[in-house]
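A.B. asks: show me how the following folds:
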Amino acid sequence: MRILIAVTTSFLALAAASAESGAVQPASEVNPFIGTANGGNTYPGATLPLGMVAFSPEETPLPGRSYPIAAPGGYEWRSNGIRGFSLTHLSGTGCLGASGDVPIMPVTVPVERSPSTAPFTTYSSLFSHDHEAASPGWYQVTLGNGVAVALSATLRTGYARFAYPKDTPANLLFPVSDSEVGSSDATVQIDPTRREVTGSVTSGNFCGYVAPDRRESYYTLHFVAKFDRPFTAGGTWHNGELHKGILEAQGGTGYGDRGFPPGGDGSGAWIRFAPGTQVNMRVGISYVSLANARANLAAESPEGTTLEAVHEAAVNAWNKKLEEIAVTGGTKDERTVFYTALYHVLLEPNLYSDVNRQYLGFDGKVHRVAAPQQAQYANFSGWDVYRSQVQLLTWLDPRLGADIAQSLLNQANQNGGTWDRWTHLTGATSVMNGDPSAPAIAAIYAFGGHDFDVKDAYASLLKAATMPTEKDLSRKGCPVLCVGERPGLNDWLTLHYMPVGAPGWGSAADTLELAAADFGVAQLARDVGDTAVERRFLARAGWWRNLFNPNAAPEGGYIQPRNADGSWKSVDFSVEDDDNYVEGSGAQYLWMIPFDPAGLFAELGGTKKATQRLDRFFYKPDGSLAVTKAGDAHAELDNEPSIASPWLYDFAGEPWKTQELVRAAMKRIWTNTPDGISGNDDLGEMSSWYVWAALGMYPLYPGRAEFVLGSPLFERVVVDRPGARVTIDAKGAAMDAPYVTGLSVNGRPSTKPWLPESFARRGGNLSYTMSRTADPSWGIAPQDTPPSFGPPN
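C.D. replies: Numbering: from 1, shown residues only. Below is the predicted model:
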């Protein structure tokens, strides 16, 4: 415990020194435990912005705690046991398990049974939050078995310190096969002479448990772990057999009949230190080869590197990124929630190329990053992040955005031209529905990420939107993991809507997602000057009207599932029905037409009637706000299908309701507690919504850079963008003062609740006057309404 306290003190000393100099250390405001309960599925471990390595605990249920399992990020606040510290993690996923590779575990008992067949309590350890701490780039815990653990990371390497008790065995397990959802193969080698352990694990299987025909491996992680203390080889194991003194082993867990490791199979190794040893471990990884893992380690954490140095560099890296948005005002908790949200935004996608610029492509071949691209990135939850996360990443760092766009194009080129909607490393997992790549690429371009092959990306996406492939016609993986980029595209092109029973997840949801995708293609066409295609795809984006039934319910029209013969799926339509909708209901999907609110309002009978419908959606009969946990007839602002809807009051002449509802969601859903994210954070998408909301603006339109406005949370915000700084001053801003009574844009008074694309690209100054009382007169004139982008006349 002495060592851990000393390192923690060094972090506090850095923060104190910065405070004395008058600087703000935003990394000290972050609480990595936010979102580790309540379905947030985040992880608290050590990583760098967009880092390849995420060194974090893998929890397991142990007797004494009712909460039965860990979450997809490997960690759940209510769990009470740790089974290892894995080198890779994803933040906020919904499916149970992804990555969690090589869960290294210090134990203080003799290794007498194979860990693959021993009771799970044998080599796990209890722990208490009283002996645990985390901050950006850092994690520490003293386990119940007495071992003190400290973790930090560089981009491609991890660093661990294990301090063993003096009176117990000191073993370190490498269960190389035991990734979160198992493996198809794994290898491990012990070399006491070189003080190293090397190996690999072949895995994938993301969401495989929901699609029996998609339980497949698609990546291999290679690792090398080096130690600064001598050790002896304990031995290895394969399935149920323990081999003491043996230096090599091989074997995966398999995925079983249910998509999870069935138990009993796997491989690994263990090494032994002298009791009381304090040992430092440096570990490098690569998805290309062991040689590249060694090169990554030599470049980023060479022999002689200290844990303290790695930690200090990690803190500096996080401060540099978090300082891109500097906020003044608010309470300590409000700043922590804000900077933790920004921290979560910056966790994915993940660096995938090695220091020599090599990476393994979707075609199984080794590729090299070519200029102007600086790095290849992986892990793209397209259905989630196309809405607002890629916009924020690109707005803050256009070079990064361009690299993400080029990475996605590279993936598609290596994947037979298919832009998969949810890519995990070299895996086209196909999770979710629609085709988010076009609006994502268009958004990156709109927010300044220009330095990629935009014409090639446009040509590829245009082909994918107009020429059905064999995969598009296939039902493999359906409904959740359909293999095609645009499942059922032939129906879309012939019927102009997605019918019930077509390949895909659901008629209504697929129709709206493809409308947004076509709007994204139209924006890319605009970007490259293809006016004819822009007009054609704007018209296609309007095909959502083919599922609008004006007589769906007594209160009026809804987006209703429709059969291929043109008939409605059911005469007994229910607004709370989630059949043919994805993670939402008919009431929630009605509003998911963010590019053409005016068109939707017209279908609903005009702005007045649309506003009345919005009121019923957001306000309960007693007048209380319904922003989450209010039932399927109301908004659920903790999940993607609803997150655009509160901004629609800007189009209805009542922007004060947008301000009120967005602030209510911020206050109710986001807190400085482990359960402070209500629902999956989805690789930073939901956290990006919070960041935008706190700034008082939102990129509503898929593939465009206009902002619709809410209200800023903080009295002053400075967004330090390359060549285009943004300053936001908000006199009287506070959590309980969400209402705008006045706005100046670049010194000129404005009553418009929106900003043009030029503001996102060039920056500027916003000056607000805020109030605790709504001002129903601001931003209500018809000429001040934000633009809508319906089909061309």
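A.B. asks: rest of the way, CA atoms for contacts and neighbours
C.D. replies: Fine.
A.B. asks: poorly predicted segments of the chain, please.
C.D. replies: Along the chain, segments meeting pLDDT under 70 span 1-24, 65-70.
A.B. asks: select the longest strand from it.
C.D. replies: Of all the segments assigned as strand in the chain under DSSP state E, the longest by residue count is strand 217-227.
A.B. asks: counting by contacts, list what that one packs against.
C.D. replies: Contact partners of strand 217-227 among helices and strands, from 3 or more C-alpha pairs under 8 Å, 6 or more residues apart in numbering; DSSP states H and E: strand 196-204, strand 278-286, helix 290-300, strand 427-428.
A.B. asks: contacting residues around the first one?
C.D. replies: Counting contacts by C-alpha atoms under 8 Å, 6 or more residues apart in numbering, the residues outside strand 196-204 that touch it are 98-99, 101-102, 176-177, 179, 181-191, 216-227, 252, 290, 424, 427.
A.B. asks: adding mean neighbour count and distance to residue 770, write the helices and strands packed on strand 217-227 out as a markdown table.
C.D. replies: Conversion of the helices and strands packed on strand 217-227 to a markdown table gives the following (neighbours: other C-alpha atoms under 10 Å; distance: least, C-alpha to C-alpha, whole Å):
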| stretch | mean neighbour count | distance to residue 770 |
| --- | --- | --- |
| strand 196-204 | 25 | 49 |
| strand 278-286 | 24 | 50 |
| helix 290-300 | 20 | 48 |
| strand 427-428 | 24 | 47 |
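A.B. asks: could I get those as JSON lines with distance to residue 613?
C.D. replies: Compiled in JSON lines, these are given as follows (distance: least, C-alpha to C-alpha, whole Å):
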{"stretch": "strand 196-204", "distance to residue 613": "44"}
{"stretch": "strand 278-286", "distance to residue 613": "53"}
{"stretch": "helix 290-300", "distance to residue 613": "56"}
{"stretch": "strand 427-428", "distance to residue 613": "39"}
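A.B. asks: closest one to residue 144 among these?
C.D. replies: Residue 144 lies closest to strand 278-286 among the helices and strands packed on strand 217-227, at 16.8 Å (C-alpha to C-alpha).
A.B. asks: now do the closest one: everything it contacts.
C.D. replies: Contact with strand 278-286 is made by 53, 156-164, 221-229, 292-294, 296-297, 301, 307, 354, as judged by C-alpha under 8 Å, 6+ apart.
A.B. asks: would you mind measuring the gap between the ends of stretch 199-211?
C.D. replies: Between the start and the finish of stretch 199-211 there is a gap of 29 Å, counting by C-alpha to C-alpha, to the nearest Å.
A.B. asks: and residue 47, how many residues sit next to it?
C.D. replies: 31 (other C-alpha atoms under 10 Å).
A.B. asks: need phi/psi at it.
C.D. replies: For residue 47, the backbone dihedrals (degrees, to the nearest 10) come out as phi -160, psi 170.
A.B. asks: break down the stretch 1-150 of the chain into its helices, ranges please.
C.D. replies: In order along the chain, the stretch 1-150 of the chain carries the following helices (DSSP state H, counting those that start in this stretch): 2-20.
A.B. asks: tell me where it has strands.
C.D. replies: Counting by DSSP state E, counting those that start in this stretch, the stretch 1-150 of the chain forms strands over residues 46-47, 54-60, 81-86, 105-107, 125-126, 132-135, 138-142, 148-153, given from the N-terminal end onward.
A.B. asks: in the longest helix seen in the chain, which residues are buried?
C.D. replies: Of all the elements of type helix in the chain, the one with the most residues (DSSP state H) is helix 507-528. Residues of helix 507-528 classed as buried: 507-527 (neighbour count, 16 or more other C-alpha atoms under 10 Å).
A.B. asks: mind checking the SS state of residue 246?
C.D. replies: Using DSSP: H, G, I helix; E, B strand; the rest coil, the three-state assignment for residue 246 comes out as coil.
A.B. asks: count residues in the vicinity of it, would you?
C.D. replies: Here the count is done by other C-alpha under 10 Å, and residue 246 has 16 residues near it.
A.B. asks: so what's the backbone phi/psi at the residue nearest the centre of the chain?
C.D. replies: Centre of the chain computed as the mean C-alpha position; nearest residue by C-alpha atoms, centre = their mean is residue 683, 0.6 Å away. The phi and psi values for residue 683, taken as degrees, to the nearest 10, are phi 50, psi 40.
A.B. asks: surely it meets residue 89?
C.D. replies: No. Shown here, residue 683 and residue 89 do not form a contact pair, counting by C-alpha atoms under 8 Å, at 10.6 Å.
A.B. asks: just give me the neighbour total for the residue lying closest to residue 479 once chain neighbours are set aside.
C.D. replies: The shortest distance from residue 479 to any non-neighbouring residue, by C-alpha to C-alpha, 6 or more residues apart in numbering, is to residue 505 (4.4 Å). Other residues near residue 505 number 23, with proximity taken as other C-alpha under 10 Å.
A.B. asks: residues contacting residue 505?
C.D. replies: With C-alpha under 8 Å, 6+ apart as the criterion, the residues that contact residue 505 are 432-433, 478-480, 482, 580-582.
A.B. asks: at 7 Å instead, please
C.D. replies: By C-alpha atoms under 7 Å, 6 or more residues apart in numbering, the contact list for residue 505 reads 433, 478-480, 580.
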